[in-house]
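**Q** What would the 3D arrangement of this be:
(chains A and B)
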Number of protein chains: 2
Amino acid sequence: MSLAFPCVVQKYGGSSVATPDRIKAVAKRVAKRAKDTRLAVVVSAMGKTTDELIALARQISDDPHPREMDMLLGTGEQISAALLSIALNDLGVRAKSVNAFQLKITTTKDHSNARIIDFDADLLLQSFESYDVVVITGFQGITIEGDLTTLGRGGSDTSAVAVAAKLNCDCEIYSDVPGVFTCDPRIYPKARKLDYITYDEMLELASLGAKVLHSRAVELAKKYGVVLYCASSFTEERGTYVVEKLPEWLEQPVVTGATVDTKQVEATIMHIPSRELLTKIFEAVAQANLNVDMISIVEGDRGFHLSFTVIEDATKKLKAVVERALEGVEGWEMHLDDSVAKLSVVGVGMRSSSGVASRFFSILTNNGIPFKTVTTSEIKISCLIPRKDAERALELIAKEYEL
Amino acid sequence: MSLAFPCVVQKYGGSSVATPDRIKAVAKRVAKRAKDTRLAVVVSAMGKTTDELIALARQISDDPHPREMDMLLGTGEQISAALLSIALNDLGVRAKSVNAFQLKITTTKDHSNARIIDFDADLLLQSFESYDVVVITGFQGITIEGDLTTLGRGGSDTSAVAVAAKLNCDCEIYSDVPGVFTCDPRIYPKARKLDYITYDEMLELASLGAKVLHSRAVELAKKYGVVLYCASSFTEERGTYVVEKLPEWLEQPVVTGATVDTKQVEATIMHIPSRELLTKIFEAVAQANLNVDMISIVEGDRGFHLSFTVIEDATKKLKAVVERALEGVEGWEMHLDDSVAKLSVVGVGMRSSSGVASRFFSILTNNGIPFKTVTTSEIKISCLIPRKDAERALELIAKEYEL
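**A** Modelled structure (predicted):
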C-alpha cells in the first residue's frame, strides 16, 4: 500500500497515558507532529488499569471466563483512546478514536492471547480524509464472530506494528524507557543506550525480558520491514532504531547487550517412562500457550528427566497442564525451582566471532558463579545461574564486554 | 415476535452492581430465575463509574468532544456487563455479555442523548440457542456509521424496554428503590408503596423527578404495551407494576402521587421584541435537547416576557443557546432564579373528578405558601412554589390526599 500523504504510527504505553496530565502532554506531542503528517496513534490502557480490572474480576471469580475477561479488559484502551482524542480535539486537532469493532481488527479466537489476522485499512484511510489523527485502541481485536479478544501483555506494540505494516510507514514506540540499553540500567547504572539494534538482537532481548518491546511486535516488524523507533514520551531524548541491518558506518560489536531474567522458574519432571509422553507434554504445554525455554532432556535409569524454565506466574497453569498430560502415568515427579535466573548475552557480531562462549563461561567460573543448562543460538548464549548471583553476574558481563 | 421459550428482560441499575459483592448477589438472583426462563439482563455502569469517567474527561477538557465522550462513557456498561457475565459463568450459568456493537443497537446521532432506532433481535435469539442469559450493556448504542452513542441519564431503562418490546415479554427494572411511592419517602416517611400505577401517571411522575424510571422508558413501554415491574435488587419485597390500566378490583384514587422537584431553575427572558424571536428561542432550546417546563409567556410594554424551568445542570448550556438565538437583538435580559421548586400531584382519577385544582390551591393558600406559574394536564397539576417551602408543601399535600 502506498499512501498519498506522509503518515506515521505512534504507540504510547500505559505509563505515558497514566494520568490526565500525561494524556495532555502526549496530546501536545501528537499535535506538534500532526502539522507535518497524518498519525495513527495506538494507545495502551492508562497506567495500572488492566491490573485493576483483572483484580476486579478476581474478586468475583477465581477463574474468570476468558471471553468475558477480554470483554472486560478491552475497556481499558477504549478509555485512554477516548481521553487522548478529547485532549487532541481540545487542542484543535481533527482527531477521533476507534476501537477494535470500528477498525475491524480481526484476530484468532485465543482469548487473552489472540493474534491479529487483519484489519480494515480502507476504513483507516477513509478516516484520514476527515481526520489528521486517528487514535486506535491497542491490545484488542475481535473474532470473526464479533467477540472481543486481547493480544496478551504488550499486545499494543503488536497492534501498532500491524497498522504500520499495512500503511507501509514507520512505527514509533513511546514508553517511560528512553530506548534500548546494553543491559538493565537499574542493575548496571553504566549501561549505554544503543542508537541502533537489529531485529534479531531485539527479538532475543525482548523474549529475555528487556521489556522495551513485545517480541511479537518485533517479529512482525522484521517480517514486513517496518522500521521501529523506541523512545521516551517523557523527554525529547533520542531513542533507539530497530532495523534489519545496522548502518554501514557503525562497527558491529560482538556482544550488543546482556540481560538477566529473575522471573523464571525451572520446572523438572522426573521419571517420564517414554519418549511419546515427553512429546505429549510438549504438545500440551504448547496448546496451553505456555512459553518454555532452557529445555534439557536427560535419559536416566527410570525414564527421562525433563527440565525447562517457565515464567513464574504460569506455574499454576503448568502444573495443571502436566498433570492432565500425565494422567494415569505412575512414578513421575515434578519439582519447581525458583532459585534460578537466566543470564544471556546477545549480539549479531557473534555470528562472525569465535570464542564468545568460552569467554562468557570463563567470566562466570573465575568469579565462582556456577551455571547449568546452556542454550545458544547464532546470536545468543543463555545459561541458568543462581538467582542470588544474578546482579553480580550481569555487572561482570557488562564490564567485560564494555556494555 | 413470538418466542418458542419463556423469556424476561431484567435491568439492574448502577447501585445494584456497584461492587463485586453486589454483582455476585445479582448473579445469584439471575441464576435462580434462569432455571425457568431465558433472560436478557440489561446493566448500567457500576455505581459512580459514569460520574468518575466524566470527571476524568473534565480534567482534560472543559468541553470534551461529544463523540469521544460517548466512546469514553460506553466503557462503564461494558465493564459491569462483563463482570456480571463472569459471575454468572462462575455459578455455572451459560451466559455471555454483548455490547452495542455486537447487538447492533442503532441509534440517532445525538451524542449523549441518542434515541434507539433498532437492534438485531435475531442475533439475540440466536444467542439464546447457546446461552440462557445474555447480559446487555445498557445506555449505549451505535450510529449507522458505527460511532458509539449514549442515551442520556437513565438510558439503560430505555435499553431494557426496547429489548422487551422486541421480544414481546415483560421487563423488570431493579434498583435500590423498592418500587413507586405515593411521594418521596425521604421527605414524607409515611409515603406508601403502590402495587400498581398506570403508564400515564408514571410518565408524569418520571418527568417530575421521581427517579424510579426514566420517562423515555415508560413512553416506550406504553407504546408497545410492555408490562414494567419496578423493585429493589437488595430485597425480596414486592415492587410496583406499571400498566396501561389498573386491575378492575382496585379503586382508583383521585391523586395517586405527589412530587416536589428542587433541581429546577426558573429562567426568565424579558423584552423579547417579537413572536418570531420567541419561536426562535423555543426552536434553539429544542435543538439543544434542553427540556423546559412550566412555560409562561406574558406580553408587556417592551415586548414579551418568557419564563420556563430547566434543570439546574443545564443553565450554562441554556445561556449559550439563548445568547446565540438572540444574537444582534437589543434590550433583552435574562435572569435565572434558583429559589423555586416544582410541586405536582398526579392521578388518572382526576379525569373523572372535579375540584381537584381548587382543593390543591386551597391547601397551599391556607398554609401561607405562595404559588405561581401553574400548569395542568388531564391527570396532573403542577405549580412553582418557594424552594424553602418544598418539604412542608409535600407533607401537607400527602396528608390531605392520604398518600
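**Q** Please tell me how far residue A:44 sits from chain B.
**A** To chain B, residue A:44 is 15 Å away according to C-beta to the nearest C-beta, to the nearest Å. Every C-beta, even on glycine, is put in place using the N, C-alpha and C of the backbone.
**Q** That residue against residue A:17, yeah?
**A** Yes. The criterion here is C-beta atoms under 8 Å, and residue A:44 meets it with residue A:17 at 6.9 Å.
**Q** Pick out the residue of the stretch 201-350 of chain A closest to chain B.
**A** At 16.3 Å from chain B, residue A:233 is the closest residue in the stretch 201-350 of chain A, using C-beta to the nearest C-beta.
**Q** which residues does the residue nearest the centre of chain A contact?
**A** When chain A is reduced to its mean C-alpha position, the nearest residue by C-alpha atoms, centre = their mean turns out to be residue A:214, at 2.0 Å. If a contact means C-beta atoms under 8 Å, 6 or more residues apart in numbering or on different chains, then residue A:214 has A:153-158, A:206 as its contacts.
**Q** Not counting sequence-adjacent ones, nearest residue to it?
**A** residue A:154 (3.2 Å; C-beta to C-beta, 6 or more residues apart in numbering or on different chains).
**Q** Could you report the distance from that neighbour to chain B?
**A** The spacing between residue A:154 and chain B, counted by C-beta to the nearest C-beta, is 21 Å.
**Q** since we're on that residue, how many residues are nearby?
**A** Other residues near residue A:154 come to 19 when the count uses other C-beta atoms under 10 Å in any protein chain shown.
**Q** Please tell me I have it right and it contacts residue A:217.
**A** Yes. Taking contact to mean C-beta under 8 Å, the distance of 7.2 Å between residue A:154 and residue A:217 places them in contact.
**Q** for residue A:94, what are its contacts?
**A** With contacts defined as C-beta under 8 Å, 6+ apart, residue A:94 is in contact with A:130-133.
**Q** what two of these are the furthest from one another?
**A** A:130 and A:133 (11.1 Å; C-beta to C-beta).
**Q** hey, which helix is longest across chain A?
**A** helix A:66-90 (DSSP state H).
**Q** Give me the mean pLDDT for it.
**A** Regarding helix A:66-90, the rounded mean pLDDT is 97.
**Q** quick one: that helix to helix B:66-90, angle?
**A** In this structure, helix A:66-90 runs at an angle of 170 degrees to helix B:66-90, with axes from the mean of the first three to the mean of the last three C-alpha atoms, to 10 degrees as the basis.
**Q** one step back: just the contacts of residue A:214: which has the poorest pLDDT?
**A** Out of the contacts of residue A:214, that is residue A:206, at 72.
**Q** Tell me the helices and strands packed up against the helix or strand hosting it.
**A** Mapping residue A:206 onto the secondary structure by DSSP states H and E places it in helix A:199-207. Counting contacts by 3 or more C-beta pairs under 8 Å, 6 or more residues apart in numbering or on different chains; DSSP states H and E, helix A:199-207 is packed against helix A:215-224, strand A:240-243, strand A:257-261, strand A:340-346.
**Q** quick one, helices of chain A?
**A** Taking DSSP H as the test, the helices found in chain A are A:20-33, A:49-60, A:66-90, A:121-130, A:155-167, A:199-207, A:215-224, A:275-287, A:315-325, A:356-366, A:390-400.
**Q** For residue A:174, give me its contacts.
**A** A:10-13, A:16, A:26, A:230-233.
**Q** Now with 6 Å, please.
**A** Under the criterion of C-beta atoms under 6 Å, 6 or more residues apart in numbering or on different chains, the contact list for residue A:174 reads A:12, A:16, A:231, A:233.
**Q** Filter these down to the buried ones, PyMOL style.
**A** Remark: buried members of these, expressed as a PyMOL selection using 16 or more other C-beta atoms under 10 Å in any protein chain shown:
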select buried, chain A and resi 12+16+231+233
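**Q** could I get the contacts of residue A:174 as TSV with pLDDT?
**A** Written out in TSV, the entries for the contacts of residue A:174 read as follows (pLDDT from 0 to 100):
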residue	pLDDT
A:12	97
A:16	95
A:231	94
A:233	94
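**Q** quick one: which of the contacts of residue A:174 sit in strands?
**A** In this view, the contacts of residue A:174 that belong to strands under DSSP state E are A:12, A:231.
**Q** residues near the closest residue to residue A:159 other than its chain neighbours, how many?
**A** With C-beta to C-beta, 6+ apart as the criterion, residue A:159 has its nearest non-adjacent residue at 4.1 Å, and that residue is residue A:138. Using other C-beta under 10 Å, residue A:138 is surrounded by 31 other residues.
**Q** Equivalent analysis for residue A:317, please.
**A** Using other C-beta under 10 Å as the criterion, the residues surrounding residue A:317 number 15.
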